[in-house]
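Undergrad: Turn this into a model:
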Amino acid sequence: MAQQHEHVGMNKTGIQMSPLETGRMLDDDTILARGTPGDDSAALEMREAYIADSGGVGSIPAPGTMTGMVSMGVNMLTGDKPQILLDKMAERLAFERTGTRLYDALLTKLDVLQGDGSAGQSMGSITREQVASIRGDEARHVLLMKEAIEAMGGDPTAQTPSADVVGVEAIGFVQVLNDPRTSVAQCLNAILSIELTDNAGWETLIALADEGGHEKLVDRFSDALVQERTHLSLVQTWYEETVGLSAAGMTSAGSASSDAGGIVRARAGVIPGTSGSGPNLGTGGLGMAGNGRMAAGASGADVAAGARTGSMLGATGSAAAAMGGASGVGGGALGTNPGKPKS
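TA: Alright, predicted model coming up:
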């Protein structure tokens, strides 16, 4: 059974566990473990040659329908770059699909650990209902990206270069969440990294949609970003609780984070609650999370005031969203509503 609080055991991976052998190794100039003099110039030249001849990771597929071809052609004639937006939308679709499956894995782990009364592990304030609600948001974001790609004449089942890359990036996170030995804290640490990347990805997508004049997409993507920032606030709180950080320590960490954020915004000339120096790059309104951490409002011209964030914070924890049988696109079924485990 995975343990929430790490214990001291017979870990012999460090050299301090073998002082005599370590000393002999360091004193022996002929031992192979010390390596041989030389450089890595040959390996560097080989990597450079591969990079020069690579040609990149795939390509953006041409629209498979006449409507899609006309739409892309018109946008390109006006100076827009729809292929870039389509690539990044496909990236988000792939990322959200992976996120859905990661939360499925976390739900499975919670079912086991929270259902085992002998485990004696403190889970903090995390509940299955909250995690299931976030999982539902992620599944709906997959469908949102599917609809957005189709609206621009693209094929949501196509794997674009950026979608391919994020799939490779996520391999390590999938392994962490599905490893039966990992604790809830370790899983939350992985998901926290995912949520941070996800927030940045939505901000970039909103900026691209705004530059392309896709106002409806900006609105829908901004709504999604509000939800993602709620996810981030909740996951960070859960993670800090599961690693044993006290309430006072969490408040202190939130205050330090707010101070650091204020310094960054001051240097960038951004005032909280207003737009940034460019379209959709403002910090948005700032709402207080339960632990004192500042949770930024969504980027995007229509949500710069952050009003939506105030209403969304904590909403994920108050009700489990209806997730239905959301299915993935081009990557297999995302699964049905996780629901509560049968007793």
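
Undergrad: got the contact list for M123?
TA: M123 sits next to 4, 110, 113-114, 184, 241-242 when contact means C-beta atoms under 8 Å, 6 or more residues apart in numbering. (Glycine included, C-beta is placed from N, CA and C.)

Undergrad: will you turn those into CSV that also has neighbour count and distance to Q227?
TA: Shown next, in CSV, are the contacts of M123 (neighbours: other C-beta atoms under 10 Å; distance: C-beta to C-beta, whole Å):
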residue, neighbour count, distance to Q227
Q4, 19, 28
L110, 19, 20
L113, 17, 26
Q114, 16, 24
V184, 23, 22
E241, 21, 21
T242, 23, 22
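
Undergrad: In CSV, list the residues you listed along with distance to R229.
TA: Formatted as CSV, the contacts of M123 follow (distance: C-beta to C-beta, whole Å):
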residue, distance to R229
Q4, 27
L110, 23
L113, 27
Q114, 26
V184, 22
E241, 19
T242, 21
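
Undergrad: how about the residues you listed in a markdown table, adding pLDDT, secondary structure and distance to M89?
TA: What follows is the contacts of M123, written out as a markdown table (pLDDT from 0 to 100; DSSP: H, G, I helix; E, B strand; the rest coil; distance: C-beta to C-beta, whole Å):
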| residue | pLDDT | secondary structure | distance to M89 |
| --- | --- | --- | --- |
| Q4 | 47 | coil | 38 |
| L110 | 92 | helix | 31 |
| L113 | 84 | helix | 36 |
| Q114 | 79 | helix | 36 |
| V184 | 91 | helix | 32 |
| E241 | 91 | helix | 35 |
| T242 | 87 | helix | 34 |
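
Undergrad: Now do the same contact list for A209.
TA: Counting by C-beta under 8 Å, 6+ apart, A209 has contacts 85, 217-218, 221.

Undergrad: for it, phi and psi?
TA: Dihedral pair for A209: phi -60, psi -40, per degrees, to the nearest 10.

Undergrad: again with the one 3 residues further on
TA: Here is the backbone geometry of G212 (degrees, to the nearest 10): phi -80, psi 0.
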